[in-house]
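Enquirer: Need coordinates for the following:
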Amino acid sequence: MVWIVQIAKEYLVSLVIASVTLLLPIGIVEWRHLLIDTISDTSCYFVWGGFSVRYNRFGFYDSTGFGPINYEASVALAIIWLTIAAVLIAGNLALSRQMLSVRTNFFIAFLCLLAQIVVPIAVFTMALSPNFAMTFAAPLPVSSILQIACYLAMRFFSKGQSSSAQPIPDVDITIERL
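Expert: Residues are numbered from 1 along each chain as shown. I've put the predicted structure just below:
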């Protein structure tokens, strides 16, 4: 039982990143039909499927797709999102084993944040069906932001501990005239 608690403490951020990746949406897209004004919706895209706000229903990715976004593009976006989460988790585990520095992992997390901002918007705009227009798109890179916040907190607390743990050396200051 003790080893389970130790593992949970050591890998808590990785568990949170994995759960955030699976539970929170990749992005929110508001779209409308170009010819029929009454057809519009706001869709939340998850790794596993989507949620239609107008119809208040969940849908899984299948051959018919979810919303006006292409099925293959939705699946590719989900795979990219899971890959980015795996990179963040691997970086976190390497940091806990002291295989990489905090600065290197922060840089990796920052690159993942850029990818989590750019890739969904590119997929949402390029994979939209021809008769639809996107009126709003917002990616939600929560896992990268969480990882960066954890690195910053880790860096802040490690600096505070290292500076307060070391004793202040006694220094004699002498002023000599030339």
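
Enquirer: check contacts around the closest residue to residue 89 other than its chain neighbours.
Expert: Counting by CB to CB, 6 or more residues apart in numbering, residue 89 lies nearest to residue 14, which is 4.6 Å off, once chain neighbours are set aside. In this view, the C-beta of every residue, glycine as well, is placed from N, C-alpha and C. Contact analysis of residue 14 by CB atoms under 8 Å, 6 or more residues apart in numbering lists 89, 92, 93.

Enquirer: My guess is the second one contacts residue 147. True?
Expert: Yes - when contacts are counted by CB atoms under 8 Å, residue 92 is listed as touching residue 147 (6.8 Å).

Enquirer: Which one's more surrounded, the two?
Expert: Residue environment comparison for residue 92 versus residue 147 gives the larger neighbour count to residue 147, 30 against 25, counting by other CB atoms under 10 Å.

Enquirer: List phi and psi for that one.
Expert: The main-chain torsion angles of residue 147 are listed as degrees, to the nearest 10 and equal phi -60, psi -40.

Enquirer: Kindly report the same for residue 19.
Expert: Phi and psi for residue 19, reported as degrees, to the nearest 10, are phi -70, psi -40.

Enquirer: any idea how far residue 129 is from it?
Expert: When CB to CB, to the nearest Å is the yardstick, residue 19 and residue 129 sit 32 Å from each other.

Enquirer: Same drill for the two, tell me which one is more crowded.
Expert: Neighbours of residue 19 and residue 129, each counted by other CB under 10 Å, are more numerous for residue 129; the result is 14 against 11.
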